[in-house]
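> turn this into a model:
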Amino acid sequence: VVSVVSVVVVMDTEYLKEHVGSALSDALSMVCVFQPDDAIEWLSIYLQHSHTQTQLKKKTEEDKKNREHLLAIAHEEGLRLQKEREEQLRLENLRKPNEEQFDCMKYNEEFQSIAFGEKEADVDDSNDGTAERLLNFACDELSSFDVTDAMKGDEETEKAVDGSEKKTANTNTEVHEGDNNDGNTEEDDEEDDGEEDEEEQEQEDGAQQSSMANVNSCGVPDNIQHILKAAMLLCCYSEDDLSTWNSIKKLALDDIVVRRFETIDVKTMTTKGSCNRALKCLEGVDFQARSLQKHKLGPIATRYNGFIDSAARFYYDGNTFQHEQEIEEDQEVVKRMVWNTNGIEEVDESEESRVLSVLPGMNTLKLKDSDRKFKLNMSWTTKNDVDVDVDGAVIMFNSKGQAVDYVYHLMHASKDEKHCVQHTEDENGVDSFTISLNDAPENVRAMSLVLNVAIDGESFENVLSSNVKILSMSETVTRTDGVPVPKVITDINLNMKLIDSHELLHLILYRSPEDGSVWQLQFIGEKIAGDARDEIESQNFLNAMPLSQQYLQPIGLSSSDTDERVIVHPFMMMPGDVLEVPAPAMEDLIVIGMGWDVDPDVQMDLDCGIAIYSQDTRVDYCDFEKLKSNDNAIEHQGDNRDGEGEGDDESINVHFTKIDAATDVLFLYAAVYEGGALKDCLNVHIRMSSEKDGQLKEICRFSLDWLAQVQDDTAVILAKITRVDGGRWEFRTIGTTAMGRTIEELEGKLVDYLEH
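Modelled structure (predicted):
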């Protein structure tokens, strides 16, 4: 048997290995061990049993492989389904609007409703066309937008991007600092470094040519960057001003820039050429993209988009450059309005002119020597020709940013020797100023021009636009008809349709920090508003002083001692302040008003009156019991017993031109006639106003809020009005309290102040 097997093995070893394996040799070994009687039969049974076991093992392995294969398929299917669910959830989240997208959608709906005539803008004038209404709406929405949250979100994005870049940079640094594993010699590395430097320089050069290169590096969607850049291009900023995202952000997301849209006049502060540049920047931009609308900057980008669309409609007779287009976004096809610049009309921008803009960097004019004496004319238009009495005023500031003088309709010239600022008024009551900057005292470092509506209860609400034209007083130009006229230094227009305040800072003039002999003009165009302004009841031009000082700080005109006063603030007088009653005001009726509030639970009657003196002797008085003075120049307007309502509670009319020539002192006082004491009075004030045609313009105001802290006194000496040389009168605040309820009981206290 052995010899036969050996022959077989020799004949076909490979076959035996494949089909028999070691079974036969194992069987023969076992035969030798057990030596059965019938070796052939035993060998046959053993081989059959071995074959069965081999088949069973093979089947077991096949079953195992099948199970593993099925499990792998099931696992892969599970992963596929999980990825499918995750992708579905991701798409659902992408398609689900967030707070910013809801804001954008609401804005676009309102914009479209105005565009299609379904709704008029809240600031609309019924005579305006659709483009005008859209511009009003767009500018109003921009100027009232709070950029704080948007900027915060952008800063967080930048930090995240910066952190990622730093991590990448650190990884790269570790590779460079480790062993040289690239197989290159140091000479090869130096050559590679040189090539990399050249590539970096080429990339930097390319970045100068393409302002939107690598748009994702800052974490802000490129369509947002394009829209913000286009808005600034529309406002006549240059490509050089907007070469990087940081430069775009510095302008478009500046809170001052955003606020200034309230007074932007598109007709004069933009051009058709600047509109074209903006439109070209937007070619192909989908302003409804979810990536834009859901971004923190989405809402303000949407508002800028509306402003650009409004301006395009204005320049192109109502036509829009936004066209419907199918866009694939988040694995679905949607219809969107996409910017398309087909139809732009090329213009020769060299023939277009643009005046000063309210926007930073576009609003400064260096005045030539020949332009430093000029006339400043103001004019305005109103809704439906409503009569609005707008006044102008010039406030003068020193090197610390403190007000040192002012000129307005009741103070016709500055107090310096040469009267460098003078006020005039034409036959229609329109203000103008003659300003000679070369004659300004050395301590005058800046001036601000303020527009205000001083009449009680009125505002700029009915004013559509204002214009300030500055005319040279030393140079002329010849008109086409041969007539010489003053040269126009600048012509400044403001859109006032969105302004409902009482005061507006129009512009500032200031000496150059580098050369005090050089003067510059900066156009501002910002209303006086905010919590601090809301707390002030008085309507007057000096309410613009804090905002003026804010704009003077960047040029170095500021002081750490903000409470230090150089001049009397007529509308915030303090005890002991002296103010000359303006001569122009005395030509009309003067109204001295007093106001106060009383706790409703306290029953008391506070009355004001005037004691009239001549040569240290009281010769007359006027109060709720004696309503007229003997010379009929002073008249009390009646008793108010509860102090309810806003404004003045009691008032006394004074005709200074009718006062008896022998009268030299008037004391203004108030006394609690019955019930309570001064401590029960809140928000006490007195003020002097000029009255003309039934309308009041405030001249000065003295607030006595501290009276609520007085314990038992029942009367207060408010002010002393004294006749001085030349027929002038001085108003001096006092604010001293006393016991007494009648003029007779206060007599001794009044006499004490006759010599003060």
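> which residue sits closest to residue 541, ignoring its sequence neighbours?
Of all residues not flanking residue 541 in the chain, residue 393 sits nearest, at 3.7 Å (CB to CB, 6 or more residues apart in numbering). Just so you know, the C-beta spots here come from the backbone N, C-alpha and C atoms, and that holds for glycine as well.
> same question, residue 101
Nearest non-adjacent residue to residue 101 (CB to CB, 6+ apart): residue 293, at 4.1 Å.
> with residue 690 instead?
Nearest residue to residue 690, sequence neighbours excluded (CB to CB, 6+ apart): residue 585, at 4.3 Å.
> shaky segments in the protein?
Within the chain, the ranges that satisfy pLDDT under 70 run 1-12, 118-128, 153-218, 351, 353-355, 426-429, 560-563, 641-646, 756.
> could you pull out the strands for the stretch 201-350 of the chain?
Remark: strands assigned in the stretch 201-350 of the chain by DSSP state E, counting those that start in this stretch are 322-329, 332-339.
> strand 322-329 and the last one, what's the angle between them?
Direction vectors for strand 332-339 and strand 322-329, defined by axes from the mean of the first three to the mean of the last three CA atoms, to 10 degrees, enclose an angle of 150 degrees.
> one step back: and for the residue nearest to residue 101, the neighbour number?
The criterion is other CB atoms under 10 Å. On that basis, residue 293 has 25 neighbouring residues.
> and for residue 369, the neighbour number?
Using other CB under 10 Å, residue 369 has 12 neighbouring residues.
> mind listing what residue 500 touches?
Residue 500 makes contact with 459-461, according to CB atoms under 8 Å, 6 or more residues apart in numbering.
> give me phi/psi at the closest residue to residue 502 other than its chain neighbours?
Once its chain neighbours are removed from consideration, residue 502 has its nearest residue in residue 539; the separation is 4.4 Å (CB to CB, 6+ apart). The phi/psi pair for residue 539 (degrees, to the nearest 10) reads phi -100, psi 110.
> hang on, the earlier thing: redo the contacts of residue 500 as CSV? Include neighbour count and secondary structure.
CSV is the format used below for the contacts of residue 500 (neighbours: other CB atoms under 10 Å; DSSP: H, G, I helix; E, B strand; the rest coil):
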residue, neighbour count, secondary structure
459, 17, coil
460, 25, helix
461, 16, helix
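> ok, so of those residues, who is nearest residue 476?
Nearest to residue 476, judged by CB to CB, of the contacts of residue 500 is residue 460 at 33.7 Å.
> and the contacts of stretch 551-559?
With contact meaning CB under 8 Å, 6+ apart, stretch 551-559 is reached by 397-402, 445-446, 448, 505, 508, 510, 513, 522, 524, 549.
> err, stretch 141-151, not the other one
The list of residues contacting stretch 141-151 from outside it, by CB under 8 Å, 6+ apart, reads 107, 253-255, 258-262, 296-297, 299-300, 303-304, 306-307, 498.
> from those residues, list just the buried residues.
Burial of these was assessed by neighbour count (16 or more other CB atoms under 10 Å); the buried members are 107, 253, 258-262, 296-297, 299-300, 303-304, 306-307, 498.
> farthest pair in those residues?
Within the buried ones among the contacts of stretch 141-151, two members stand farthest from each other by CB to CB: 296 and 498, at 25.3 Å.
> any idea how far residue 653 is from residue 522?
For residue 522, the distance to residue 653 (CB to CB, to the nearest Å) stands at 43 Å.
> by contact count, what packs against the top helix by length along the chain?
Using DSSP state H, we find that the single longest helix of the chain is helix 39-95. Other helices and strands packing on helix 39-95, by 3 or more CB pairs under 8 Å, 6 or more residues apart in numbering; DSSP states H and E, are helix 23-34.
> now the helix it packs on against helix 39-95, angle please.
130 degrees.
> next, the buried residues of helix 23-34.
The neighbour-count criterion (16+ other CB under 10 Å) identifies 23-24, 27-28, 31 as the buried residues of helix 23-34.
> and if you look at stretch 314-327?
Buried positions in stretch 314-327, judged by neighbour count with 16+ other CB under 10 Å: 314-316, 320-322.
> would you turn those into JSON lines with distance to residue 709?
Listed next are the buried residues of stretch 314-327 as JSON lines, based on distance: CB to CB, whole Å:
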{"residue": "314", "distance to residue 709": "58"}
{"residue": "315", "distance to residue 709": "62"}
{"residue": "316", "distance to residue 709": "65"}
{"residue": "320", "distance to residue 709": "63"}
{"residue": "321", "distance to residue 709": "65"}
{"residue": "322", "distance to residue 709": "63"}
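> show me the residues you listed that map onto helices.
For the buried residues of stretch 314-327, membership in helices holds for 314-315, with DSSP H as the criterion.
> closest to residue 73 among the buried residues of stretch 314-327?
Nearest to residue 73 among these, with distances taken as CB to CB, is residue 322, at 50.8 Å.
> how about that closest one: what's its closest non-neighbour residue?
Across the structure, with CB to CB, 6+ apart as the measure, the residue nearest residue 322 apart from its sequence neighbours is residue 337 (4.3 Å).
> can you tell me how far that neighbour is from residue 633?
Using CB to CB, we find residue 337 at a distance of 71 Å from residue 633.
> now swap in residue 58 and tell me
Computed as CB to CB, the residue 58 to residue 633 distance reads 130 Å.
> with neighbour numbers in mind, choose between the two.
Applying other CB under 10 Å to residue 58 and residue 633 shows that residue 633 carries more neighbours, namely 19 against 10.
> hang on, the more buried one packs against residue 659?
Yes. With the criterion set as CB atoms under 8 Å, residue 633 and residue 659 qualify as a contacting pair; they are 4.4 Å apart.
> run the chain-centre distance for stretch 494-511.
15 Å (CA atoms, centre = their mean, to the nearest Å).
> what comes up buried for it?
Taking 16+ other CB under 10 Å as the neighbour-count basis, stretch 494-511 is seen to contain the buried residues 494-499, 501-511.
> with stretch 458-473 instead?
Residues of stretch 458-473 classed as buried by neighbour count (16+ other CB under 10 Å): 458-466, 468-473.
> show me which of the residues you listed is closest to residue 271.
Among the buried residues of stretch 458-473, residue 465 lies closest to residue 271 (CB to CB), at 18.3 Å.
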